[in-house]
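In: Give me a model of this one.
(2 chains)
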Amino acid sequence: MKKSETYDFTEPVRQSYVAILMIVYKYYSVIIRQLLPIIVLFVIGKNKSATWTDYIIYGVVGIALLSMVVAIIAYFRFYFHVENDELVVKQGILNKKKTSIPFDRIQTINIEQNLVHQLFKVVRVEVDTAGTDKSEFRFDALKIDMAEQLRSKVLARKSKMKKAGSETQDQEEVIEEELSQEILRVEIPQLIKIGLTENHIKSGWIIFAFAFWVYESLTDVGVDVDGYRDEFSMSPTLSFILFLIILFVGVSIVISLVRTILLYFELKFIRIGNGFRVTSGLFTRKNVAALDNKIQMVSFSDNLLMKILGYKNLLLKQASSVEITSKKSIKIPGCLQQQIDSVTNTLYGNKNQKGIQYFKVDQRYFIRSATYIILFSMVIIVPGWFLDQLWMVVGGLMAMSYIILITYLNYRKTKYGFNDKMIVVKGGTFGDRTTMFPLYKLQSAALRQNFYQRRKNLATVVLYTASGGTSIPYIDKGVAESIVNYMLYKVESDSRKWM
Amino acid sequence: MSLLPQFENIQIQVEDLPHIGSLELQPLESNYKYVRLIGWGIFALLAIVAITIVMINVNDPEARKWISITAIPFLSVLVILTFVSAYFGFFQMGYAIRSRDIIFKKGLIFRKTTIIPFNRIQHCEVNHGPIDRIFNLSSLKVFTAGGQASDLEIPGLTEVKAQMIKDYIIGKAGLDEEE
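Out: Numbers count the residues shown, from 1 in each chain, chains lettered A, B, ... in the order given. So this is what the prediction gives:
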């Protein structure tokens, strides 16, 4: 097939030449995004006087050339090599910057390919680090072989260092390297099903956001959008509204379907070494890895549509440095319960999840929210009633009942349970959501009480991990305190590292 | 192998554990309430200045009338409330240091007790704000990997005390990591 070279990374090397293209593209997309209103104005503007056009063209060409030159300089000033188990990168256009990242700080190395990358057989490599410093960075384009070798070099060195460092690790971690096992592979028919059962409301919001963005950009450049609307103005009949709703639902479904196919095309979820790896994507192929010890929390959820097919979205939440970004949590759609079980069993062991008893939260969690919702709705409904505005009354009542229903469902589904190893918190509204993590991954705990909770002797427990928090709302204060006490005890008497 | 003795340990320890509810919290330095009041005082002053500037620049008498009957009462209520909560909130604040964790409690209406185990502390720092400096006070910030929401800040400590707690915590956190 292809001849694979071996690289030793001791000498400073540059990226693949394709990187120039990627850097230029990166600069251009930033510039274009900044200048979009001006460009729109230029295209649809009315006063196209000759000098005005000339200036714009000179400006555009000038900026284009300048950023091209800058990109080329940036490319030639970028070197990297491996030295003493550290990845050393030298870069900078005017002043040279040297970054060295010790291997044990590297969290994962993610490989990604967009269309251009695929064409030139190169990849984009993202190096994620843990810790509070912002030393994350990416290679714009590396040859596939080089990237793979760099990754395996880092990972191999990492696990070696770890073994040398601590002999008394868990039994779980003995399951060693290079053992790759497929957990899930998504084929086209399944992918379509996943797309159809996605959360369409979310896609609906994207339409809204897009429409709003178009409206804003057009208003920005001085197009009288409202004026156009007046020309089209007609009294909205019932059938017209119905048509709009159907159109909206239809477009939402199409958008979520397209999104799913773009993101999760040929999704492969495998167990490799002591981590998981996910490959997916149509135009942009993504390859992300999650090592066991970096995964802080596992969460899975479904919705009403997914329930019919038994599909669940699995989220592996990894430790994040400065802030909690969605980038760090890997989403795997289309998992069946048995696949999720196999993941949690590999991560936490079967016996550690046994004997978890679930408890409900206090009913006042629902009662209090419902009271507030009713009070707020009355602000709309009562004036509507007195002003004879039927739509305000009907709309208010409908919204109120819907929100109360959601709150009730959420109250019914919120449950928590734990044993001496794990904590599990369940929630959801129409669907179900389960979040779990081993007790030793806890970073800090908090007890919260508002005025109402204090009067009723209730409290909310908030448990924070390095990949976000989870809370147990409205439980008896004494119970809450014992839970926090116990969790703290477990954390404080456990010498295992959370990462 | 090592799991078994640890497990037995739990059964004994759970009852012995000092309950967070029954903890006796250390109050902050009493001068700290002035720091809070001055802080909010500056905020109130800025708000008043902002309103005055707006009033000077608005010429329309109708608009002026509306600003004075909406913004001024609203602002005064807000200012009074912040002063009240700044003052009374002070008495709800307290901290405790146990042999394995640090606890901070705060909040007048929304009470929050945060507990951070020493073996989860990433780093801590002692800060002196400009108003703190007038009263010779410091605040101690404790960071975990859990992000901002899970971090903890104990204000209103004397500089010596803040430094002492910091050293103690760092010693403890370091010890646990070497185990």
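
In: Could you check the pLDDT of residue 170?
Out: Since you didn't name a chain, this refers to chain A. With respect to pLDDT, A:Asp170 scores 39.

In: other chain: chain B
Out: For B:Ile170, the model assigns a pLDDT of 85.

In: Does it belong to a helix, a strand or coil?
Out: Secondary structure, DSSP: H, G, I helix; E, B strand; the rest coil: B:Ile170 is helix.

In: Could you report the neighbour count for it?
Out: 14 (other Cβ atoms under 10 Å in any protein chain shown). Yep, even glycine has a C-beta here, placed from its N, CA and C like the rest.

In: now it, nearest residue through space, not along the chain?
Out: Closest residue in space to B:Ile170, ignoring its immediate chain neighbours: B:Cys124 at 6.9 Å, by Cβ to Cβ, 6 or more residues apart in numbering or on different chains.

In: again with A:Val116
Out: Counting by Cβ to Cβ, 6+ apart, the residue nearest A:Val116 is A:Leu21, at 6.5 Å.

In: so the residue nearest to B:Ile170 touches B:Ser139, yeah?
Out: No. The criterion here is Cβ atoms under 8 Å, and B:Cys124 misses it with B:Ser139 at 10.7 Å.

In: quick one: buried residues of the helix or strand harbouring A:Leu242?
Out: Following DSSP states H and E, one finds A:Leu242 within helix A:238-264. Residues A:252-253, A:255-257, A:260-261, A:263-264 are the ones in helix A:238-264 that count as buried (16 or more other Cβ atoms under 10 Å in any protein chain shown).

In: following it, which helix or strand comes up?
Out: Next element after helix A:238-264 (DSSP H and E): strand A:268-272.

In: Now for chain B, the helix or strand with the poorest mean pLDDT.
Out: helix B:3-16 (a mean of 46; mean pLDDT, DSSP states H and E).

In: Give the next helix or strand downstream of that one.
Out: Once helix B:3-16 ends, the next helix or strand along the chain (criterion: DSSP H and E) is helix B:32-57.

In: residues of that next one that come out buried?
Out: For helix B:32-57, the neighbour count (16+ other Cβ under 10 Å) marks B:32-37, B:39-41, B:44, B:47 as buried.

In: ok, and which of these reach chain A?
Out: Among these, no residue lies close to chain A (Cβ under 8 Å from any Cβ of the partner chain).

In: Show me the shaky parts of the stretch 301-450 of chain A.
Out: For the stretch 301-450 of chain A, the stretches flagged by pLDDT under 70 are A:320-327.

In: Show me what residue of it gets nearest to chain B.
Out: A:Gln443 (3.4 Å; Cβ to the nearest Cβ).

In: Pull the number of nearby residues for that residue.
Out: That count, for A:Gln443 with other Cβ under 10 Å as the rule, works out to 26.

In: Also B:Ile165?
Out: 20.

In: In this structure it contacts B:Ile103, no?
Out: No. Between B:Ile165 and B:Ile103 there is no contact under Cβ under 8 Å: 12.0 Å.

In: who touches both of those two?
Out: B:Ile97 (Cβ atoms under 8 Å, 6 or more residues apart in numbering or on different chains).

In: Now for the closest residue to A:Thr6 other than its chain neighbours: which residues touch it?
Out: Ranked by Cβ to Cβ, 6+ apart and with sequence neighbours excluded, the top spatial neighbour of A:Thr6 is A:Gln149, at 6.8 Å. Going by Cβ under 8 Å, 6+ apart, A:Gln149 touches A:6-7, A:9.

In: how about a cut-off of 10 Å?
Out: A:Gln149 is in contact with A:4-9, A:142-143, counting by Cβ atoms under 10 Å, 6 or more residues apart in numbering or on different chains.

In: out of those residues, which is most surrounded?
Out: Neighbour-wise, the contacts of A:Gln149 (other Cβ under 10 Å) top out at A:Leu142, 26 neighbours.

In: List the residues that contact that residue.
Out: Contacts of A:Leu142 by Cβ under 10 Å, 6+ apart are A:7, A:13-16, A:18-19, A:80, A:111, A:117, A:122-125, A:148-150.

In: Doesn't the residue nearest to B:Ile170 belong to a helix?
Out: No. Counting by three-state DSSP, B:Cys124 is not part of a helix but strand.

In: Let me know whether it touches B:Gly171 as I believe.
Out: No. At 11.5 Å, B:Cys124 does not count as touching B:Gly171 under the criterion of Cβ atoms under 10 Å.

In: Neighbour count for the two, which is higher?
Out: Counting neighbours by other Cβ under 10 Å for B:Cys124 and for B:Gly171 shows that B:Cys124 has the greater number, 22 against 11.

In: who touches A:Ala445 in this structure?
Out: A:461-464, A:469, A:480, A:483-485, A:487-488, A:491, B:20, B:101, B:103, B:113-117, B:120, B:146, B:150.

In: Narrow those to just the buried residues.
Out: Using 16+ other Cβ under 10 Å, the buried ones in the contacts of A:Ala445 are A:461-464, A:469, A:480, A:483-485, A:487-488, A:491, B:20, B:101, B:103, B:113-117, B:120, B:146, B:150.

In: Identify the residues contacting the closest residue to B:Phe143 other than its chain neighbours.
Out: In space, and not counting its chain neighbours, B:Phe143 is closest to B:Gln122: 4.7 Å by Cβ to Cβ, 6+ apart. Counting by Cβ under 10 Å, 6+ apart, B:Gln122 touches A:131-132, A:443, A:466, B:116, B:142-146, B:151, B:173.

In: Now secondary structure and distance to A:Phe243 too, for the residues you listed, in CSV please.
Out: Conversion of the contacts of B:Gln122 to CSV gives the following (DSSP: H, G, I helix; E, B strand; the rest coil; distance: Cβ to Cβ, whole Å):
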residue, secondary structure, distance to A:Phe243
A:Gly131, coil, 54
A:Thr132, coil, 53
A:Gln443, strand, 52
A:Ala466, strand, 49
B:Ile116, strand, 57
B:Val142, strand, 58
B:Phe143, strand, 55
B:Thr144, strand, 53
B:Ala145, coil, 52
B:Gly146, coil, 49
B:Asp151, coil, 52
B:Ala173, helix, 64
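
In: Between B:Cys124 and B:Ser139, which contacts overlap?
Out: In contact with both B:Cys124 and B:Ser139: B:153-154, B:162, using Cβ under 10 Å, 6+ apart.

In: did I read that right, A:Arg124 in a helix?
Out: No. Judged by three-state DSSP, A:Arg124 forms no part of a helix; its state is strand.

In: State the distance from it to chain B.
Out: For A:Arg124, the distance to chain B (Cβ to the nearest Cβ, to the nearest Å) stands at 27 Å.

In: Which of the contacts of A:Ala445 fall within strands?
Out: Judged by DSSP state E, the contacts of A:Ala445 include A:461-464, A:469, B:101, B:103, B:113-117 as members of strands.

In: closest to A:Ser377 among those?
Out: Nearest to A:Ser377 among these: A:Val462, at 28.7 Å, using Cβ to Cβ.

In: My guess is that closest one contacts A:Ile475. True?
Out: No. Contact criterion Cβ under 10 Å: A:Val462 and A:Ile475 do not qualify, at 11.9 Å.

In: what's the most distant pair in the contacts of B:Gln122?
Out: A:Gly131 and B:Ile116, at 18.0 Å, using Cβ to Cβ across those.

In: could you list every residue that touches A:Val258?
Out: Taking Cβ under 10 Å, 6+ apart, one finds A:195, A:203, A:282 in contact with A:Val258.

In: Okay, and A:Asp145 sits in which element?
Out: helix A:144-165.

In: What about the nearest residue to A:Ser329 once chain neighbours are set aside, how many residues nearby?
Out: The shortest distance from A:Ser329 to any residue other than its chain neighbours is 4.3 Å, reached at A:Lys317 (Cβ to Cβ, 6+ apart). Around A:Lys317 there are 24 other residues, counting by other Cβ under 10 Å.

In: Return the distance of the strand or helix carrying A:Lys317 from the chain's centre.
Out: Using DSSP H and E, A:Lys317 sits in strand A:312-318. Mean-position distance between strand A:312-318 and its chain equals 9 Å (Cα atoms, centre = their mean, to the nearest Å).
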